[in-house]
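Trainee: for reference, the sequence and a predicted model appear below.
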Amino acid sequence: MFVELSALSNFTFLTGASHPEEYAQRASLLGLPALAIADVNSVAGIVRAYTEIKEIARQVRLRQEAEAREGLIGPPPPREQGAGGRSAAIRNVPRFLPAVRLRLREGLEMTALPEDRTAWGRLTRLLTMGQLRAAKGDCDLGLADVLDGLEGCQLLLHGPPNALAGPRGAGRWVSQARQVTRRLPGRVSLLMGPSYDGQDPARFAAWAGIAADLGIPTVASGAPLFHSATRRRLADVMTAIRNGQRVEELGRAAQAHAEQRLRSEAEMLRLFRGHEEAVHRSAEIAGRCQFCLSQLRYIYPSEVQGGETAQDRLARLAHEGLRWRYPTGAPDKVRNMLNHELRLISKLGYAPYFLTVNDIVAFARTRDILCQGRGSAANSVVCYCLGITSVSPEIGTMVFERFVSEARDEPPDIDVDFEHERREEVIQHIYTRYGRHRAGLCATVIHYRGKRAVREVGRAMGLSGDTLSALSSQIWGFGSVRGIEEARLREIGLDPADRRLRQTIDLIYQIQGFPRHLSQHVGGFVITEGRLDELVPVENATMEDRTVLCWDKDDLDSLGILKIDILALGMLSCVRKGFELMRQHHGLDYDLATLPPEDPVVYDMLCRADSIGVFQVESRAQMNFLPRMKPRSFYDLVIQVAIVRPGPIQGDMVHPFIRRRNGEEQVQFPSDALGEVLSKTLGVPLFQEQAMQIAIIGAGFDPSEADRLRRSLATFKKHGNVSEFRDRFLKGMAANGYERDFAERCFSQIEGFGSYGFPESHAASFALLVYASSWIKCHHPGIFACALLNSQPMGFYAPAQIVRDAREHGVVVRPVCVNASYWDCVMEPDGQGGLALRLGFRQVKGLKQEDADWLVGARGNGYGAVADLWRRAGLGSPALTRLAEADAFADLGLSRREALWQARAIQGPRPLPLFAGDLEGEVLAEPAVELPQMSLGEEVVEDFVATRLSLRAHPVALLRHVLTPGMGDPGLAARPDPRGA
């Protein structure tokens, strides 16, 4: 019996040429009883293979159940699969063995397979130590580290590559190997892998002799780089990308053949004729390795304080929060929901998780960092009472089981958005509170998609830059190149019959979805009670003071490991600053939960599509839809957020919904059962929850199938697979009496969610921010514009458009001024009992905040001349020049050119205090200069260059005399040039 113990996947980046899932599928077809994926100094890909083998086991079980029902005897014959697809028939279910190929600085290479959970913890701590020593993507491990850190692992020493050179060639390797065998007796073997160069028999004999001298057995491996021979060319391309070469320049680095593939037992026995015991010993070693990833048990931080259990503490905080949220008494419905949730949380043991999130949110609250839970958290009364979310649980018909379900047996997932400018404070608090040995960010796998695949594969294949540009021009965003047809290639000047171009496009198809490297997730934190590095290896991130895991969110979900998303949202920064300005200038103390609800004036503004700067509804598509939607309630905003998305648009949901809402089309339901699901959205499925309910009620999906459908609908999936459910869905709908046309239309709508579809709870959380930003804009447009400018960069609109919109709402906007501005924009009295918006120094392009802070700190009663900023604030010529270009000295009676002339005259450091008084009044004695006055057009252009906006005129106003016959030129007439221009 043979087991492959050292397969290299594409998570040894730019080396392995097959997905871990493909190895698992191929191992099943070949009848291998077990399989180990061993990537170089990494376990990043092993969860993919483990998950695929679980899926294979599920398929086998379903097939066996179907055969039992139909009375079939014997399995169908196995068939080869297409690239990237599952096989039509499955031969067996292999056992998966986690492993890692350790490459040491001394040159020794070995595959380590943990025998049990304790050995796995030692192995991950060893990898963590090596990765934290090195920069991101590297691992620095030596022989001494291995000798101390791999107890309980089976070690397969890779045979010395120069064994045929005799004792001298392998002498150093033997010396190092002897240290390992002495330290870990009984657990070390010598791994023999073929090179397919005609010298394998002699090499095997030499290795066997070395193993006998060391007193260790030999074990055979096919040393696969890919699961199938069809990936040989792709392996060469990846080598070329890794080396920065073209394929024809690789020489000996190229694959000489396609033999380094996953092999069956029969093939291995033929290759290792005379060493059959090494082939069979692989199964013996696999039998000693009983560790499985299913044994990883994630333990939440206990969060026990003062002898109070986690559940008791959660219940106490939740009931305190209930009194805070409902000071006059909570409705019975809400109380019953809270008690139900607490019972379910207690039964599933999730109380510590909610307390961990509460601790993070409480920290943000003590620092006045605005935050808002979104996603499924909006379903929970507990989250509402703890202040994790501000969305009332009475909104809509969302149920807690969408968030925490006993049937799904998976941990909850809370996403919390924080102000984008202050999220790092929260992240560092988590590291400080729990320690880096207990907390880390999960990874994001960067995959080859679209233009990156075209660029890198094309360059490796030797295509010219012009050809690559033409090919890339046919791909939109992150799309696939697969849709480019021959006719289209001819249109852009390429010959589809060209052999090299055909090969390149085929290789681009193959590399789509391949991992390129690991990056850090935007905010997914894993926090543990014990050592995190005994659960999964931890490594340095590129960003300073960040450490990340090597598994992404899908891997963590597969293993049932908790993740808390600590995300950043620019609108939260804007809303918090708006609340502060309202408190400062109007004495209004609001937060997200206490804003006056359902204000008709706010909805009037939205119906007019007056939504520049408003969260989520500021795009042109949303602004075009608002007058058609005519939102008059909060739930209308929930629908507004969800409906203008690629998913609902692609699924043809938008027009039917509007027609029904406007009474142009009768609202009909195919059945009473589906009517209950679709009644809120007038019979049109708009949310992921509704898609799941249609599958359960209409097509007869069981909860596990519906949950897999939900996962397939997740946004930005690496491998979209919602279409796999099509046949099952259509058959189920037909069996329940629904017409095929209706069933296909339903599935088309559901399929649209695979591109981009919102859950209702997610839309509700976003809708709250839509309402909050709309309320501030409606009632305090100046404050809203001020907060929006101070939160840049964010949103669709540039500062010029924000300022123009504010002025159209009657806001007085004043320019940047050295005697009145601060770094941020501020509200100041307008002299008529109102407030004016004063632009801040942040609008001046190229001006550092440090210089602005010195300017404000030394301002006192004001500056009288440009040189005062040099003497008192210590600003150098570059900073003064930028302020002059921004016309910030106009308050001193200086034109832009006069201020710039004076700023350019100042050179050198600030004068010493002893001589400062002697220089009061002038810096350099020079004759007065008469500078030409700038025209309005020149002023507007310079305004945009220096501050990205102008308060003088709109640029198009300067062309109005051309657009409207009979009008003069305002750029010349409004301000005559003394030069007579």
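Mentor: Happy to help now that I have it.
Trainee: buried ones in the longest strand belonging to the chain?
Mentor: Criterion DSSP state E: the longest strand present in the chain is strand 515-527. Going by neighbour count (16 or more other Cβ atoms under 10 Å), the buried part of strand 515-527 is 515-516, 518, 520-521, 523-527. Bear in mind the C-beta positions are built from the backbone N, C-alpha and C, glycine included.
Trainee: right, and the pair among those with maximum separation?
Mentor: 516 and 527 (28.1 Å; Cβ to Cβ).
Trainee: ok, back up a step: CA atoms of the longest strand of the chain as PDB?
Mentor: Only the C-alpha atoms of strand 515-527 are listed here, as PDB (Å, rounded to 0.1, in the frame of the first residue of the first chain):
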ATOM      1  CA  PRO A 515      -2.500  31.800  -5.100                       C
ATOM      2  CA  ARG A 516       0.100  34.500  -5.700                       C
ATOM      3  CA  HIS A 517       1.000  35.400  -2.100                       C
ATOM      4  CA  LEU A 518      -0.500  35.900   1.300                       C
ATOM      5  CA  SER A 519      -1.700  39.300   2.500                       C
ATOM      6  CA  GLN A 520      -3.400  40.400   5.600                       C
ATOM      7  CA  HIS A 521      -7.200  40.500   6.000                       C
ATOM      8  CA  VAL A 522      -8.800  43.900   6.300                       C
ATOM      9  CA  GLY A 523      -9.500  43.300   9.900                       C
ATOM     10  CA  GLY A 524     -10.400  39.600  10.700                       C
ATOM     11  CA  PHE A 525      -9.000  38.900  14.200                       C
ATOM     12  CA  VAL A 526      -8.600  35.500  15.800                       C
ATOM     13  CA  ILE A 527      -8.400  35.700  19.600                       C
END
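Trainee: that one: what's the following helix or strand?
Mentor: As assigned by DSSP states H and E, the chain's next helix or strand after strand 515-527 is strand 538-540.
Trainee: re earlier: sheet partners, orientation included, of the longest strand of the chain?
Mentor: strand 439-447 (antiparallel), strand 564-569 (antiparallel) (DSSP bridges).
Trainee: please identify which of these is closest to residue 857.
Mentor: Closest approach to residue 857 among those (Cβ to Cβ): strand 564-569, 29.8 Å.
Trainee: off-centre distance for the closest one?
Mentor: Here strand 564-569 is found 10 Å from its chain centre; the criterion is Cα atoms, centre = their mean, to the nearest Å.
Trainee: re the thing from before, which of the buried residues of strand 515-527 sits closest to residue 50?
Mentor: residue 515 (16.2 Å).
Trainee: tell me the pLDDT at the closest one?
Mentor: We have a pLDDT of 94 for residue 515.
Trainee: isn't it right up against residue 449?
Mentor: No: the criterion here is Cβ atoms under 8 Å, and residue 515 misses it with residue 449 at 11.2 Å.
Trainee: so how far is residue 519 from residue 546?
Mentor: 11 Å (Cβ to Cβ, to the nearest Å).
Trainee: residue 440 now?
Mentor: In terms of Cβ to Cβ, residue 440 sits 14 Å off from residue 519.
Trainee: ok, residue 231 next?
Mentor: 25 Å.
Trainee: can you redo the buried residues of strand 515-527 as a markdown table with distance to residue 119?
Mentor: Shown next, in a markdown table, are the buried residues of strand 515-527 (distance: Cβ to Cβ, whole Å):
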| residue | distance to residue 119 |
| --- | --- |
| 515 | 26 |
| 516 | 31 |
| 518 | 24 |
| 520 | 28 |
| 521 | 28 |
| 523 | 32 |
| 524 | 27 |
| 525 | 27 |
| 526 | 21 |
| 527 | 24 |
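Trainee: tell me which of those residues is nearest to residue 304?
Mentor: Closest to residue 304 out of these is residue 527 (15.0 Å), distances taken as Cβ to Cβ.
Trainee: isn't that closest one right up against residue 562?
Mentor: Yes: if you go by Cβ under 8 Å, residue 527 and residue 562 touch, sitting 7.4 Å apart.
Trainee: which neighbours do those two have in common?
Mentor: residue 300 (Cβ atoms under 8 Å, 6 or more residues apart in numbering).
Trainee: who touches the top helix by length along the chain?
Mentor: For the chain, the longest helix by residue count, based on DSSP state H, is helix 46-70. For helix 46-70, contacts defined as Cβ under 8 Å, 6+ apart pick out 9, 11, 19-21, 23-25, 28, 35, 37, 39, 72-73, 75, 86, 90, 92-96, 98-99, 292-293, 551, 555, 558-559.
Trainee: check the offset of that helix from the chain's centre.
Mentor: 30 Å.
Trainee: between it and strand 515-527, how big is the angle?
Mentor: 90 degrees (axes from the mean of the first three to the mean of the last three Cα atoms, to 10 degrees).
Trainee: in helix 46-70, what's buried?
Mentor: 46-56, 59-60.
Trainee: between these, which is nearest residue 161?
Mentor: Ranked by distance to residue 161 (Cβ to Cβ), these are led by residue 46 at 25.9 Å.
Trainee: how near is the closest one to residue 5?
Mentor: Taken as Cβ to Cβ, the span from residue 46 to residue 5 is 13 Å.
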